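A.B. asks: Make a model of this:
(2 chains)
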Amino acid sequence: MPLYPPIRPEYEVPLTPLTAVPLQRKLPLAQRLWQQSWLRKSLILILLALLWELLARWQNNDLLLPGFVQTAQAFVDGVVSGELLEKVGISLQVLIKGYLIGIAMAFVLTTLAVSTQLGRDFLSTLTAMFNPLPAIALLPLALLWFGLGQDSLIFVLIHSVVWALALNTYTGFLGVSETLRMAGRNYGLRGLRFVLFILVPAALPSILAGLRIGWAFAWRTLIAAELVFGASSGKGGLGWYIFQNRNELFTDKVFAGLAMVIIIGLLVENLGFNTIERLTVKRWGMQR
Amino acid sequence: MLSPAVDIITTPLLQVDRVSLQYRSTTAVVQATHDVSFDVYPADRFVLLGPSGCGKSSLLKATAGFIKPSAGAIRLDGQIITRPGPDRIVVFQEFDQLPPWKTVLQNVMFPLLASRTLGKREAAERAAHYLDKVGLSRFANAYPHTLSGGMKARVAIARALAMQPKILLMDEPFAALDALTRRKMQEELLILWEEVRFTLLFVTHSIEEALVVGNRILLLSPHPGRVRAEINSHQYDLQSLGSVSFQETARRIHRLLFDEGAPEPAQVGFQDVRFSY
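C.D. replies: Residues are numbered from 1 along each chain as shown, chains lettered A, B, ... in the order given. As a prediction, the model looks like this:
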């Protein structure tokens, strides 16, 4: 026997404006604070510092592992005396030069790669060749070619930045949707203006990833290079500071130097790249 | 509602002259259209209609200048189309046609600035004017990812109209929208046309949408696309959706596209036709 649902009467509900219930409710203070990423990250840092200090106290050997407090003391001394800041200045100056030239070269290479077939082959071949090669391995050659000085450092820095960035940027360019490309061409954009107005902003998440990787590679390479020969035109940078203090067994100063590298890394990451990300790709809804 | 344009112009704006289009893949050449000719007159709402594989989108892309015909020529105002240009603005179906890094207002200004048609201030003024026309003035400073699908489609239309192109090319612009929004967008497009009298080349695979939006419909057969018929639809709008003559025309189109001359089966009702999205 077929089953039929009962026939129910129709009805209408007249709607009146809803005023009794608040439409939005604030989260409790603790939850709102917990949403702040800087607070969570600071907490992680404090826990790590605490762990470090405890380990050092238990180890009880200043020469091998100075504690957090001792390192902080050396750090503050270095900053106050100006020695540490001077070294940082020397290192950063070289670093930024190499980084910027690297970015410019990567941009030229990828622009060529998206516009011509030969450029594409050129980029993919060079990237495949040089990306796995540690930049620092080129330092002996660079010293031979450019002498003991900034130029050699900049040469290896460029090498450490350009391939990682070019690879990321190029991958980003390839991922730009066909619709956006056609829209851009539809408005008469061609050549460099097409790259600048369509491809670069559309591929910005990948480009930023490349810039991050390039920045980290550049730092590593610079510190390593300074550890090897240090003096750039008579003045050493942060790597040299670390190397020298190790030789003189000022382990707390070595730690202060390392802490400086880490702090600069954190600052650039959180104030630099994260800000750029927040103002661009996150604001545009391209990245969560 | 849809009276013909007051000034009746007798020279076609767009002439598609015996155009064959080919797609080249790595292993084969696929014929998309064969020997297609049609003329679009100023203030036409010309619809390309056909099942998938009839090359209607390819014809639109060729008109936009993205594809070069393997035979024949496409002329706009007598000039052969060789490459993409801002005198033919395309409204795509996809939502990602709006650069996400530009606000709604910047998006509408973008082609004006990119093609160096206007300076910054004039572009902003004109963009604001057309945003007002599509009812999005309040969202001028919002980013596209915060908009609904229908609003994105409106921005794309405002952007296209702001360029005041010779011809507006729409490639299934409402196909990705839900049915209610799509109905609303069709209505708004017709109202805009009443005001601005732009020339429109519109691609769709919905018979109902073709009849509502267009004043003339080109029917294409698939594999490869060839002209099957040209049909007038200026007498229909959203109000005539259920009317007898509307249904009859819809049936006739259905027959032309699918039955290839066989007698119409009795059980094919209007329901089959109108939900052919």
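A.B. asks: And the residue of the stretch 101-250 of chain B closest to chain A?
C.D. replies: B:H145 (2.7 Å; Cβ to the nearest Cβ). The C-beta positions use only the backbone N, C-alpha and C, and glycine is treated the same way.
A.B. asks: Look at that residue and say how many residues are nearby.
C.D. replies: 13 (other Cβ atoms under 10 Å in any protein chain shown).
A.B. asks: which residues touch it?
C.D. replies: Going by Cβ atoms under 8 Å, 6 or more residues apart in numbering or on different chains, B:H145 touches A:284-286, B:100.
A.B. asks: Closest one to A:F68 out of those residues, please.
C.D. replies: Checking the contacts of B:H145 against A:F68 by Cβ to Cβ gives A:M286 as the nearest, at 39.5 Å.
A.B. asks: Just the pLDDT at that closest one, thanks.
C.D. replies: We have a pLDDT of 84 for A:M286.
A.B. asks: which residues does it contact?
C.D. replies: A:204-205, B:100-101, B:145.
A.B. asks: ok, back up a step: I'd like the contacts of B:H145 written out as a markdown table, with secondary structure added.
C.D. replies: Output for these, formatted as a markdown table (DSSP: H, G, I helix; E, B strand; the rest coil):
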| residue | secondary structure |
| --- | --- |
| A:W284 | coil |
| A:G285 | coil |
| A:M286 | coil |
| B:P100 | coil |
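A.B. asks: Distance to B:D17 added to these, as TSV?
C.D. replies: Below are the contacts of B:H145 laid out as TSV (distance: Cβ to Cβ, whole Å):
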residue	distance to B:D17
A:W284	43
A:G285	43
A:M286	42
B:P100	39
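A.B. asks: need the residues of the stretch 51-200 of chain B near chain A, please.
C.D. replies: Applying Cβ under 8 Å from any Cβ of the partner chain, we find that the stretch 51-200 of chain B lies next to chain A at B:61, B:64, B:66, B:84-86, B:88-90, B:92, B:94, B:96-97, B:99-101, B:110-111, B:114-115, B:143-146, B:163.
A.B. asks: Not counting sequence-adjacent ones, nearest residue to the residue of the stretch 151-288 of chain A found nearest chain B?
C.D. replies: Closest residue of the stretch 151-288 of chain A to chain B, Cβ to the nearest Cβ: A:G285 (2.7 Å). Spatial nearest neighbour of A:G285, chain neighbours left out: B:H145 (2.7 Å); criterion: Cβ to Cβ, 6 or more residues apart in numbering or on different chains.
A.B. asks: any idea where the strands of chain A begin and end?
C.D. replies: Under the criterion DSSP state E, chain A contains no strands.
A.B. asks: Would you mind listing what in it touches chain B?
C.D. replies: Counting by Cβ under 8 Å from any Cβ, the residues of chain A that sit close to chain B are A:177, A:179-180, A:182-189, A:193, A:197-198, A:201-202, A:204, A:280, A:283-286.
A.B. asks: Can you classify the residue nearest to A:G285 by secondary structure?
C.D. replies: B:H145 - assigned by three-state DSSP - is helix.
A.B. asks: I'd like the distance between it and B:A162.
C.D. replies: Going from B:H145 to B:A162 by Cβ to Cβ, to the nearest Å gives 21 Å.
A.B. asks: correct me, but B:K133 touches B:L192?
C.D. replies: Yes. Between B:K133 and B:L192 there is a contact under Cβ atoms under 8 Å: 6.5 Å.
A.B. asks: before we move on, back to that, angles on the backbone of the residue of the stretch 151-288 of chain A closest to chain B, please.
C.D. replies: Main-chain torsions, A:G285, degrees, to the nearest 10: phi 80, psi 20.
A.B. asks: Show the contacting residues for it.
C.D. replies: Residues near A:G285 by Cβ under 8 Å, 6+ apart: B:100, B:143-146.
A.B. asks: Select only the buried ones of the residues you listed in ChimeraX?
C.D. replies: To isolate the buried subset of the contacts of A:G285 in ChimeraX, counting by 16 or more other Cβ atoms under 10 Å in any protein chain shown, use the following:
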select /B:100,143,144
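A.B. asks: Any chance of the contacts of A:G285 in JSON lines with pLDDT as columns?
C.D. replies: Below are the contacts of A:G285 laid out as JSON lines (pLDDT from 0 to 100):
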{"residue": "B:P100", "pLDDT": "89"}
{"residue": "B:Y143", "pLDDT": "91"}
{"residue": "B:P144", "pLDDT": "89"}
{"residue": "B:H145", "pLDDT": "89"}
{"residue": "B:T146", "pLDDT": "89"}
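A.B. asks: Between the contacts of A:G285, which sits nearest B:Q247?
C.D. replies: Checking the contacts of A:G285 one by one against B:Q247 (Cβ to Cβ), the nearest turns out to be B:P144, at 38.5 Å.
A.B. asks: Burial check on the nearest residue to the closest one once chain neighbours are set aside, number of neighbours?
C.D. replies: Spatial nearest neighbour of B:P144, chain neighbours left out: B:L98 (4.2 Å); criterion: Cβ to Cβ, 6+ apart. With neighbours defined by other Cβ under 10 Å, the count for B:L98 comes to 27.
A.B. asks: got any ranges where the stretch 51-200 of chain B has weak pLDDT?
C.D. replies: Low-confidence regions of the stretch 51-200 of chain B, defined here as pLDDT under 70, do not occur.
A.B. asks: which residues of it fall in helices?
C.D. replies: B:56-64, B:104-114, B:120-133, B:149-162, B:179-196 (DSSP state H, counting those that start in this stretch).
A.B. asks: Present those helices as CSV; the columns should include mean neighbour count and distance to A:L238.
C.D. replies: As requested, the helices of the stretch 51-200 of chain B are exported to CSV (neighbours: other Cβ atoms under 10 Å in any protein chain shown; distance: least, Cβ to Cβ, whole Å):
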stretch, mean neighbour count, distance to A:L238
helix B:56-64, 24, 56
helix B:104-114, 23, 42
helix B:120-133, 17, 45
helix B:149-162, 23, 50
helix B:179-196, 16, 59
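A.B. asks: for the ones you listed, which one sits closest to A:E83?
C.D. replies: helix B:104-114 (48.9 Å).
A.B. asks: In space, not sequence, find me the middle residue of the chain.
C.D. replies: In the absence of a named chain, chain A is used. Centroid check for chain A by Cα atoms, centre = their mean gives A:R212 as the closest residue, at 2.8 Å.
A.B. asks: could you do chain B instead?
C.D. replies: B:F202 (1.9 Å).
A.B. asks: What values do phi and psi take at it?
C.D. replies: Torsion angles, degrees, to the nearest 10, at B:F202: phi -120, psi 120.
A.B. asks: what sits opposite it in the beta ladder?
C.D. replies: Taking DSSP bridges as the rule, B:F202 bridges to B:V47, B:M170.
A.B. asks: Verify the stated contact: it with B:R45.
C.D. replies: Yes. The criterion here is Cβ under 8 Å, and B:F202 meets it with B:R45 at 6.5 Å.
A.B. asks: any common contacting residues for these two?
C.D. replies: Common neighbours of B:F202 and B:R45 (Cβ under 8 Å, 6+ apart) are B:213-214.
A.B. asks: Please name the residues that touch the residue nearest to A:R246 when sequence neighbours are not counted.
C.D. replies: Ranked by Cβ to Cβ, 6+ apart and with sequence neighbours excluded, the top spatial neighbour of A:R246 is A:V254, at 5.1 Å. When contacts are counted by Cβ under 8 Å, 6+ apart, A:V254 is found next to A:242, A:245-246.
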